[in-house]
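Participant: This is a predicted model, with the sequence first.
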Amino acid sequence: MSNGPVVEIRLGRRTLVLVALGATLALAALFLPGRVSAQKTQENFKDKMAIAGEMGGVAVATSADGKYVYVAGPAGVIVSENFGKTGTWSQTVRLK
């Protein structure tokens, strides 16, 4: 009987990289499920950036590609630079 290995697996570089990448993606999906899920709703948006008056009266405008979203009201202007996603809003003008 020979002293060599019983089972020998030979992988090329490309296959080894693909297997490692697949394992990394599987682990990321397993341990980071909240980061890959859909965006959360904004619960306290009114408290953070209240630009509307008591009677409403806001206007919404977007850029041609929809990336920049502007909301203007009697109390100020807010803007999103990432298609209106949660956490991308910033207040640019505050009126009194």
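Facilitator: That came through, no problem.

Participant: residue boundaries of the helices in this protein?
Facilitator: 13-31, 33-36, 45-48 (DSSP state H).

Participant: Please tabulate those in CSV, including the columns distance to residue 93.
Facilitator: C-beta here means a position set from N, CA and C on the backbone, and glycine is covered the same way. Listed next are these as CSV, based on distance: least, Cβ to Cβ, whole Å:
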stretch, distance to residue 93
helix 13-31, 40
helix 33-36, 32
helix 45-48, 15
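
Participant: Need the ones you listed in a markdown table (columns: mean pLDDT, distance to residue 73 and mean neighbour count).
Facilitator: Converted to a markdown table, these look like this (pLDDT from 0 to 100; distance: least, Cβ to Cβ, whole Å; neighbours: other Cβ atoms under 10 Å):
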| stretch | mean pLDDT | distance to residue 73 | mean neighbour count |
| --- | --- | --- | --- |
| helix 13-31 | 88 | 40 | 10 |
| helix 33-36 | 59 | 32 | 8 |
| helix 45-48 | 54 | 12 | 10 |
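
Participant: Surely residue 92 and residue 81 touch.
Facilitator: No. Taking contacts as Cβ atoms under 8 Å, residue 92 lies outside contact range of residue 81: 10.7 Å.

Participant: intersection of neighbour lists for those two?
Facilitator: Counting by Cβ atoms under 8 Å, 6 or more residues apart in numbering, residue 92 and residue 81 have no common neighbour.

Participant: out of the helices of the chain, nearest to residue 85?
Facilitator: Each of the helices of the chain has some distance to residue 85 by Cβ to Cβ; the shortest is helix 45-48, at 12.7 Å.
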